[in-house]
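*Asks:* what would the 3D arrangement of this be:
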Amino acid sequence: MLKKDTLPLGLALGFLSPVLGLAAYYLLRFRLFSVKEFLTLIMMQKSLLSGIVSFCLVANAIVFTIYINKHKDNTAKGIFIATCIYALAALALKWFA
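*Replies:* Numbering: from 1, shown residues only. Alright, predicted model coming up:
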């Protein structure tokens, strides 16, 4: 997988990494809650959203750095595009929801 250099792979990795980061955050900080309770808590307390999004986007930054260092620029471009979409969606959710 590290040898491919395609934009669709980067988009897939870029959208999957934050989900894995969210799962890791849930397991580290909120494992006493059910997943449904955790998601409800996030939506009710917007102050939590910024920290969680930051943690999730760090997962993207790690994957992005790996692909940049391997000189897989098309894949890194896809990861960056997905990161921007996630960040904009999180801002919109925080401000308008």
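
*Asks:* how far away is the residue sitting nearest the centre point of the chain from F30?
*Replies:* Ranked by distance to the mean C-alpha position of the chain (CA atoms, centre = their mean), the top residue is P18 at 2.2 Å. When distance is defined by CB to CB, to the nearest Å, P18 is 16 Å away from F30. The way it works is simple: take the backbone N, C-alpha and C, and place the C-beta from them, glycine included.

*Asks:* got any ranges where this structure has weak pLDDT?
*Replies:* Where the chain drops to pLDDT under 70, the residues are 1-2, 97.

*Asks:* and the helix or strand where V19 lies, what does it pack onto?
*Replies:* Following DSSP states H and E, the helix or strand that holds V19 is helix 7-29. For helix 7-29, the packing partners by 3 or more CB pairs under 8 Å, 6 or more residues apart in numbering; DSSP states H and E come out as helix 46-69, helix 73-96.

*Asks:* go again with 10 Å.
*Replies:* Using 3 or more CB pairs under 10 Å, 6 or more residues apart in numbering; DSSP states H and E as the contact test, the elements touching helix 7-29 are helix 35-44, helix 46-69, helix 73-96.

*Asks:* tell me what angle that helix forms with helix 73-96.
*Replies:* For helix 7-29 and helix 73-96, the angle between their directions (axes from the mean of the first three to the mean of the last three CA atoms, to 10 degrees) works out to 50 degrees.
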